[in-house]
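Student: I would like the atomic coordinates for the input below:
(chains A and B)
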Amino acid sequence: RKEVEQDPGPFNVPEGATVAFNCTYSNSASQSFFWYRQDCRKEPKLLMSVYSSGNEDGRFTAQLNRASQYISLLIRDSKLSDSATYLCVVNMRHGNTDKLIFGTGTRLQVFP
Amino acid sequence: GAVVSQHPSWVICKSGTSVKIECRSLDFQATTMFWYRQFPKQSLMLMATSNEGSKATYEQGVEKDKFLINHASLTLSTLTVTSAHPEDSSFYICSADGLLAGGGTDTQYFGPGTRLTVL
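Tutor: Numbers count the residues shown, from 1 in each chain, chains lettered A, B, ... in the order given. Predicted structure coming up:
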C-alpha cells in the first residue's frame, strides 16, 4: 500500500465549478500535512498546510481527519489558472529529520 | 526570501558520463537539504537527505555510489550522477529545510529542478 494515496484524476471542470480532492495516508504517526501544487515541468509549490480544525485560504479549504487518516482539498469558483497537479504531502519525523512523503498527485484541468 | 536555485536547469549527456547538479539556498542557510527524483506522471520520490558536513542518508533502493551527494556548506549541496544511463533520465529536484529561514522543521523550500536526459 502506498504511504499517501490520492484520487487518480484527471478532473476536468468548467470555470466556476467547485472541485474536491481526497487523500489518505497509511502511517498514523504522520505529523503534519500539506497540499502542494505542481505545474507541468516545474517544482512543487506549497499551497497550504492542513490542520485538524480545518483551514481556509480564499477559495481553498483543507480538512484533516486524523481518525480516518484522510485529507481533503476543496477549490471553489475554479479559475483557468487553477489547472495544475495537486499533491497531497505528509510529513514524517525520522530521528532529527523531517521527511516529506508525496502522493502521486491529482491533475486538475479547468476549461472555459 | 527563502529562494533555492539549481544548476543546470536541464542537461543532456551521453551514456556513461557523470553529471553534477548544484543546489543553493540563496538568501538563507540550510542545515539539511533533500534530493528528490520524479519520473513522468509519478510522484516525487526522496532519494537522500544530506546534512552539512556529514554523509548523506540514502533512501532504500538508491545507490549511494551512483548518486554522490556532497553538502560542504550551509548553502550548497551537490548531486553527482555517476556513469549515467538512459534510465537515470528524470527530473531531479532539491529542497532545503526552512528552519534557519524562520520556517518550521517540516518546511522545505524547493529548487526549480534539473531535467536530465541521458542519451
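Student: is whichever helix or strand A:Arg93 is part of positioned near chain B?
Tutor: Per DSSP states H and E, A:Arg93 falls inside strand A:84-94. Yes. Strand A:84-94 reaches chain B (CB under 8 Å from any CB of the partner chain) through A:87, A:91, A:93. Quick note: C-beta positions are derived from backbone N, CA and C, even for glycine.
Student: so among these, which ones count as buried?
Tutor: Buried residues within the residues of strand A:84-94 next to chain B, counting neighbours by 16 or more other CB atoms under 10 Å in any protein chain shown: A:87, A:91.
Student: how about the residues of strand A:84-94 next to chain B in a markdown table, adding pLDDT?
Tutor: Compiled in a markdown table, the residues of strand A:84-94 next to chain B are given as follows (pLDDT from 0 to 100):
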| residue | pLDDT |
| --- | --- |
| A:Leu87 | 96 |
| A:Asn91 | 92 |
| A:Arg93 | 81 |
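Student: just checking, B:Lys14 touches B:Leu119?
Tutor: Yes. Counting by CB atoms under 8 Å, B:Lys14 touches B:Leu119, with 5.6 Å between them.
Student: what helices and strands are in contact with the strand holding A:Arg93?
Tutor: Under the contact definition 3 or more CB pairs under 8 Å, 6 or more residues apart in numbering or on different chains; DSSP states H and E, strand A:84-94 sits against strand A:4-6, strand A:19-25, strand A:32-38, strand A:44-50, strand A:70-75, strand A:97-102, strand A:106-111.
Student: now the third one against strand A:19-25, angle please.
Tutor: Relative orientation of strand A:32-38 with respect to strand A:19-25: 130 degrees, computed using axes from the mean of the first three to the mean of the last three CA atoms, to 10 degrees.
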